[in-house]
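# Take a look and give me a structure for this.
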Amino acid sequence: MCEIKYNTDMADERVDEYKVINNMSSIDGIEIFEEKFDEFKITQVNVLNENGEKAIDKKIGSYITFELENIKYLDDKEKVVEKLKEQILDLIKDNSSVMVVGLGNLYVTPDALGSKVVNNIEVTRHILKMANDMLSSDAREVSAICPGVMGNTGIQTSEIISAVSSRVNPKYIIVIDSLMSKSIKRVGASIQISNTGITPGSGITGINNAINSQSTGATVISLGVPMVVDMATITNDALNKIENKIDERGERYFKIASVLDTENYIVTPKDIDELIEIMSDIISESINKAM
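All right, here's what the predicted structure looks like:
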């Protein structure tokens, strides 16, 4: 089997790409389940063993993707919120403490998702410690931070989260981040939730350390939305449509990326501000309801 350099953070896209390039109908160590609703589809990719892990370069665990249609004009946003809440609660089995972490850079719009979500999280840790009579007896301890980016702080994001986690001692950490997709149609219109942690910026810089149970001492749940694609992907998609021919083995994509050096150019839609607001609202509401 050929080794693939993936240009997407989305597990279901990696599965599709691996199957096409290797002319396979299924992958050993990968199982997939789909559930369709009126305005969205849920795809669950379970990586079961080392074979599956190696094939799509994703850790053993579950990756659930919400693929939304007409994201700006959802008729039933509450149904999406409820389903996402259910997925979060499937991964948080008790009423233990949770820390929500918003990754990314607030001042770079495509990277501001995490900060926007954290701004809307209903935190309770300080109230439980100073005035617990204001909350119900079964209130969950919820805290939240935005550690910023290494370019501004000089500190690995994983180091900040690990340090805070060692003092706050949450049982669960929910990490929110912007991701990369290989399809412009999925930018701002898909949500991926996973129980395997996350490596910030892995699709672009690849220089950050993983945020997972080993580095934090807590169960790490990641929630991400693709907000960018690389230029080679857009160029290749355009040629697919012009020639009415799919670049099934990814050969043309890599030629484009090599000749034009397009992998160094990351693209986001002009309405990214609106997409960030919609998605941050859906995610924060789901987390608040789950808490």
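
# Excluding sequence neighbours, find me the nearest residue to the most centrally placed residue in the chain.
The centre of the chain sits closest to residue 224, judged by C-alpha atoms, centre = their mean, with a distance of 2.0 Å. Leaving aside its sequence neighbours, residue 224 sits nearest to residue 179 (C-beta to C-beta, 6 or more residues apart in numbering; 4.1 Å). C-beta coordinates here come from the backbone N, C-alpha and C atoms, glycine included.

# Now that neighbour: which helix or strand?
Residue 179 is located in strand 172-180, with elements delineated by DSSP states H and E.

# cool, residue 95 as well?
Using DSSP H and E, residue 95 is not contained in any helix or strand.

# shaky segments in the stretch 101-250 of the chain?
201-208, 245-250 (pLDDT under 70).

# which strands and helices sit next to the strand holding residue 179?
Here strand 172-180 touches strand 98-102, helix 113-119, helix 157-168, strand 219-230, going by 3 or more C-beta pairs under 8 Å, 6 or more residues apart in numbering; DSSP states H and E.

# Look through the chain and tell me its longest helix.
What stands out as the longest helix in the chain, according to DSSP state H, is helix 272-290.

# All the helices of the protein, residue numbers only.
In the chain, the segments counted as helices under DSSP H are 11-21, 50-56, 77-91, 113-119, 125-130, 150-153, 157-168, 213-216, 231-243, 251-260, 272-290.

# what's the most buried one of these?
Among the helices of the chain, the stretch with the highest mean neighbour count (mean count of other C-beta atoms under 10 Å) is helix 113-119, at a mean of 23.

# Other residues contacting it?
Identification of contacts with helix 113-119 by C-beta atoms under 8 Å, 6 or more residues apart in numbering yields 100-106, 144-146, 175-178, 223-225, 227, 276-277, 279-280, 283-284, 287.

# For residue 13, see how far away residue 34 is.
Going from residue 34 to residue 13 by C-beta to C-beta, to the nearest Å gives 14 Å.

# Let me know the average pLDDT across the longest helix of the chain.
For helix 272-290, the mean pLDDT works out to 95.

# Can you check what angle separates it from strand 98-102?
180 degrees (axes from the mean of the first three to the mean of the last three C-alpha atoms, to 10 degrees).

# Go ahead and measure how far helix 272-290 is from the middle of the chain.
Put simply, helix 272-290 sits 13 Å off its chain's centre (C-alpha atoms, centre = their mean, to the nearest Å).

# Please put the alpha-carbon coordinates of that helix into PDB.
The C-alpha trace of helix 272-290 is given here as PDB (Å, rounded to 0.1, in the frame of the first residue of the first chain):
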ATOM      1  CA  ILE A 272     -15.700  33.100   7.100                       C
ATOM      2  CA  ASP A 273     -16.800  35.600   9.800                       C
ATOM      3  CA  GLU A 274     -20.400  34.500   9.400                       C
ATOM      4  CA  LEU A 275     -19.500  30.800   9.300                       C
ATOM      5  CA  ILE A 276     -17.400  31.100  12.500                       C
ATOM      6  CA  GLU A 277     -20.300  32.800  14.300                       C
ATOM      7  CA  ILE A 278     -22.800  30.100  13.300                       C
ATOM      8  CA  MET A 279     -20.500  27.200  14.200                       C
ATOM      9  CA  SER A 280     -19.300  28.700  17.500                       C
ATOM     10  CA  ASP A 281     -22.900  29.200  18.500                       C
ATOM     11  CA  ILE A 282     -23.800  25.600  17.700                       C
ATOM     12  CA  ILE A 283     -20.800  24.200  19.500                       C
ATOM     13  CA  SER A 284     -21.000  26.300  22.600                       C
ATOM     14  CA  GLU A 285     -24.800  25.700  22.900                       C
ATOM     15  CA  SER A 286     -24.200  21.900  22.600                       C
ATOM     16  CA  ILE A 287     -21.500  22.000  25.300                       C
ATOM     17  CA  ASN A 288     -23.500  24.100  27.700                       C
ATOM     18  CA  LYS A 289     -26.500  21.800  27.300                       C
ATOM     19  CA  ALA A 290     -24.300  18.700  27.800                       C
END
